[in-house]
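In: Could you work out the structure for the sequence below:
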Amino acid sequence: MHTTSWHSVSMTLDECIKCNICTSYCPVAAVTDKFPGPKYAGPQAQRFRESGQITSPDVWVDYCSACRVCNEVCPSGVKIAEINARAKAQIVHERGIPLRNWFFGRNEILGRIGNLAPQIANLGFHNPVSRLMAEKILGVARHAPIPHWSTEGNFRAWFARREKLRAEKKVAYFHGCSTNYYEPAVGKAAVAVLEHLGYEVVLPPQNCCALPMLNNGEFPAAEKLFRSNLKKLAPYVDRGLPIVGTSTSCVLVLREEATEMLDLENAQTQALKAGMWDISEWLRERLEQGELPTDFRELQMVVPYHVSCQARAHRMGRPGLDVLMLIPGLDVREGNAKCCGLAGTYGYKAEKYDIAMQVGEDAFRFVRAQGEGVRYVTADSEICRWQLEHGTQKLGRHPVEILAAAYGLYDLDRRQLLAEMK
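Out: Next comes the predicted model:
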């Protein structure tokens, strides 16, 4: 077991005043009786855990989706999501981890394997027979929106063979597993936008951010991944290069979540936190500094914008919305759903799939309410995009893809750079 002191989290335990605000806002507790709410599974149950008097709360904590809504609304600043995450880690330490959760934690390995023969991998993972078997044997929900491997190669391979812009201004790009193996188009759009701003894009060595392991309670393995990224990214931080990421979840883990959950705060992690940016946040900063080109093409369309849980957890406002609203003709409409429901690997689990879909219904309803003519929905998290596509049959796009289209660099339908389509 990771030898955390629990100090930074436990010190908030007795700040809980049992007001039940967290429970009233919890999207999971609102749709199922299997989760009694953050207060009961978190601070209240933790007192029983620490005294050794623990029974049902162990079951409760497994149904926490780690959306962090409880942290947002707690008037006392109790770190409820972190309490729940550490409780899961303690359970894993004492009882081991289910095979399914072990696989879910190794997204990068699965990405590499599927990348070797993506057509075969997609056929093997996405046919009705294999999905049914995976549900019966491993407990992987047969209807959950598991992503498809890119059949055009991974993002890093594309980046290595392309002609790069050389410039004095430089920015480092953290693409994450999803962009590298499943959505390389997001990375291509990001590079096109960054170069349009006059920045040379450099690609640091990197590995999985460790979010799936943190969510499934594998703290020691998660720490290894985090420390590996810390070592790989440190030279870029030391050079003063901003590190931008298109997965708002990865960015949150690297600059905050892993450090807090694993008690790893030091000068190096603080430097990474200061140098790491969500790409929409960084683009808004360029706008405020007068450095963001506004040579946009008109985009006459309505785009629902879902605010991801992880994006809200950054406490950075709505940078994606702020930037997209500059585009002439674009009608960006912000939703207020608490969570998309998928929540990392939560909605992939057979026993939680229906819960995830019920939680996501607020977001689905919002998208549908914008009219039949809506073609795209946007969110900063890949998980949210996949869930929204699954629940609404609209096309999920990252805000940077829409921005690239407005700059005349990108085709939203084909998800390709226009320069590569000529």
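In: Can I take it that Y173 is in a helix?
Out: No. Counting by DSSP: H, G, I helix; E, B strand; the rest coil, one finds Y173 to be strand, located in no helix.
In: wait, isn't it in contact with E200?
Out: No. Taking contacts as C-beta atoms under 8 Å, Y173 lies outside contact range of E200: 10.6 Å. Where C-beta positions appear, they are placed from N, C-alpha and C, glycine not excepted.
In: which of these two has more neighbours?
Out: Neighbour totals were compared for Y173 and E200, and Y173 leads with 25 against 15 (other C-beta atoms under 10 Å).
In: Identify the spatial nearest neighbour of that one, chain neighbours not counted.
Out: Excluding its sequence neighbours, the residue lying closest to Y173 (C-beta to C-beta, 6 or more residues apart in numbering) is V201, at 5.4 Å.
In: Next secondary structure after the helix or strand hosting that neighbour?
Out: Counting by DSSP states H and E, the element that carries V201 is strand 200-202. Per DSSP H and E, strand 200-202 leads on to helix 211-215 as the next helix or strand towards the C-terminus.
In: Give me the helices and strands touching that following helix, please.
Out: helix 80-95, helix 219-238 (3 or more C-beta pairs under 8 Å, 6 or more residues apart in numbering; DSSP states H and E).
In: make it 6 Å
Out: Under the contact definition 3 or more C-beta pairs under 6 Å, 6 or more residues apart in numbering; DSSP states H and E, helix 211-215 sits against helix 219-238.
In: Using PDB, write out every CA atom in the helix it packs on.
Out: Coordinates of each C-alpha in helix 219-238 appear next as PDB, following Å, rounded to 0.1, in the frame of the first residue of the first chain:
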ATOM      1  CA  PHE A 219      -2.200   4.100  -6.000                       C
ATOM      2  CA  PRO A 220       1.300   2.500  -6.100                       C
ATOM      3  CA  ALA A 221       1.100   1.900  -9.900                       C
ATOM      4  CA  ALA A 222      -0.400   5.300 -10.400                       C
ATOM      5  CA  GLU A 223       2.500   6.900  -8.600                       C
ATOM      6  CA  LYS A 224       5.000   5.200 -10.900                       C
ATOM      7  CA  LEU A 225       3.300   6.600 -13.900                       C
ATOM      8  CA  PHE A 226       3.100  10.100 -12.400                       C
ATOM      9  CA  ARG A 227       6.700  10.100 -11.400                       C
ATOM     10  CA  SER A 228       7.700   9.000 -14.900                       C
ATOM     11  CA  ASN A 229       5.800  11.900 -16.400                       C
ATOM     12  CA  LEU A 230       7.300  14.300 -13.900                       C
ATOM     13  CA  LYS A 231      10.800  13.200 -14.900                       C
ATOM     14  CA  LYS A 232      10.000  13.400 -18.600                       C
ATOM     15  CA  LEU A 233       8.300  16.800 -18.500                       C
ATOM     16  CA  ALA A 234      10.800  18.500 -16.000                       C
ATOM     17  CA  PRO A 235      13.300  19.500 -18.700                       C
ATOM     18  CA  TYR A 236      10.600  21.400 -20.500                       C
ATOM     19  CA  VAL A 237       9.400  23.100 -17.400                       C
ATOM     20  CA  ASP A 238      13.000  24.100 -16.500                       C
END
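In: Let me know the next secondary structure element after that helix.
Out: Downstream of helix 219-238 (by DSSP H and E), the next one is strand 243-245.
In: residues of that next one that come out buried?
Out: Neighbour-count burial for strand 243-245, counted by 16 or more other C-beta atoms under 10 Å, picks out I243, V244, G245.
In: And for stretch 301-310?
Out: For stretch 301-310, by 16+ other C-beta under 10 Å, it's M301, V303, P304, Y305, H306, V307, S308, C309, Q310.
In: For stretch 335-344, C-alpha coordinates in PDB please.
Out: What follows is stretch 335-344, C-alpha atoms only, in PDB (Å, rounded to 0.1, in the frame of the first residue of the first chain):
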ATOM      1  CA  GLY A 335     -25.300  23.300 -20.600                       C
ATOM      2  CA  ASN A 336     -25.500  23.000 -16.900                       C
ATOM      3  CA  ALA A 337     -25.600  19.200 -16.400                       C
ATOM      4  CA  LYS A 338     -23.600  18.100 -13.400                       C
ATOM      5  CA  CYS A 339     -21.900  15.200 -15.100                       C
ATOM      6  CA  CYS A 340     -22.000  13.200 -18.400                       C
ATOM      7  CA  GLY A 341     -22.200  10.000 -16.400                       C
ATOM      8  CA  LEU A 342     -19.300   8.000 -18.000                       C
ATOM      9  CA  ALA A 343     -16.800   9.400 -15.500                       C
ATOM     10  CA  GLY A 344     -13.600   7.800 -16.700                       C
END
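In: All set now, cheers.
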